[in-house]
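K.L.:
give me the fold of what follows.
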Amino acid sequence: MDLKEVLTRLRVLGRPEALPHMARYGIDTSNAFGVKVPDLRALAREIGRDHGLAQALWRSGVHDARLLATMIADPGRVDARAADRWARDFRSWDLCDQCCLNLYRALPSAHDLVLRWCDRDEEFVRRAAFSLIAVLAVHDKTVDDKRFVAYLTLIENASDDSRLMVRKSVNWALRQIGKRNQALNAAAIESGMRIAKRGRPARWVASDALRELRSPQVQARLRSRSAAATAPAGRSGRNRSRPESRRRPP
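P.N.:
Below you'll find the model as predicted:
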C-alpha cells in the first residue's frame, strides 16, 4: 500500500463532523480527517510494519496519517535522533501520547528519551517525557523500582510547569508509577505530598494523583497483586491463566 492509497483510505474513514469536538479537547485539527483511533488500528494491522510508509505518512503532515505512522513504524529503525525529530513535530497531546504508547516505549533508548526531554522548552516535547514515563510504568516489566523512584524527582521538578498539557502528563506519570506496586505507591504518595507544597499550579497535580493513589480501589488492587506475586506456585499459576479480558486493568 502506498502513500496515496493510504491517504485516500484515511479520507474515506474521516469524520468531518467530529473535528469541532476534537478541537474543543485540544487536538490540532487544522490538517485532520477525524478518523477514529480503532479504525486507525485496524488499518495499521492491515498494513503491518512498513517503516518507509510510516516516514512518508509523517512527512504528509496530516494528523491522522501521523497517528497511523506511529502504529506501523519499525522501532528497530528509530534511534534517539529520529525520535527527537518526530517529537519536535508534536502539536497535539493525542499525537504525543500515541507516539509514546505505540512506538517510543519499544525503543532501546526509551528511558534515555525521558532524560533527554524532561527539561526541554517545547511544550509537547516536555510532555512526551512524562507521557513516556507513564507508559513505561505500565508496560516495561524489566525495570526495577529504583528507576521509577528517580523519575519522581523529575516529576516534582516539572509539576509547577505553567502549561496545562505538561502538568497533565506529569500527573499521569505520577499516578502510573504509584499504581505499579505497593512500594512505588508509597513513594509516589510521598512525592505527591511534597508537590502539594510547591504552589498553586502543582497543587492540582498532587491532589488529583493523591486522590487516586490513596483510593480503596487502588489500595485493594495493589494488595491483591502483591498477594498473587507471593502465592504458592499452583495458586499464582491459576491467576496467570485467567483470560486477559477478565483481569483487572493495571
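K.L.:
flag the shaky bits of this protein, pLDDT-wise.
P.N.:
Low-confidence segments of the chain, defined by pLDDT under 70: 233-250.
K.L.:
tell me the domain boundaries of it?
P.N.:
Following automatic domain parsing, one gets these domains for the chain: 1-73, 93-229.
K.L.:
tell me the most buried of the ones you listed?
P.N.:
domain 93-229 (a mean of 19; mean count of other C-beta atoms under 10 Å). For the C-beta atoms, the positions are set from N, CA and C on the backbone; glycine is no exception.
K.L.:
quick one: contacts for residue 208?
P.N.:
With contact set as C-beta atoms under 8 Å, 6 or more residues apart in numbering, residue 208 has these partners: 171, 175.
K.L.:
what about it, distance to residue 214?
P.N.:
Residue 208 sits 11 Å away from residue 214, going by C-beta to C-beta, to the nearest Å.
K.L.:
with residue 49 instead?
P.N.:
According to C-beta to C-beta, residue 49 stands 42 Å off from residue 214.
K.L.:
over to residue 18?
P.N.:
36 Å.
K.L.:
and for residue 136?
P.N.:
In terms of C-beta to C-beta, residue 136 sits 23 Å off from residue 214.
K.L.:
repeat for residue 24
P.N.:
Taken as C-beta to C-beta, the span from residue 24 to residue 214 is 31 Å.
K.L.:
please state the offset of the helix ranked longest in the chain from the chain centre?
P.N.:
Taking DSSP state H as the criterion, the chain has its longest helix at helix 123-139. Distance, stretch centre to chain centre, for helix 123-139: 5 Å (C-alpha atoms, centre = their mean, to the nearest Å).
K.L.:
now stretch 67-74
P.N.:
That offset, for stretch 67-74, works out to 15 Å (C-alpha atoms, centre = their mean).
K.L.:
check stretch 214-226 too.
P.N.:
Distance, stretch centre to chain centre, for stretch 214-226: 22 Å (C-alpha atoms, centre = their mean).
K.L.:
tell me which element residue 32 is part of?
P.N.:
Under DSSP states H and E, no helix or strand contains residue 32.
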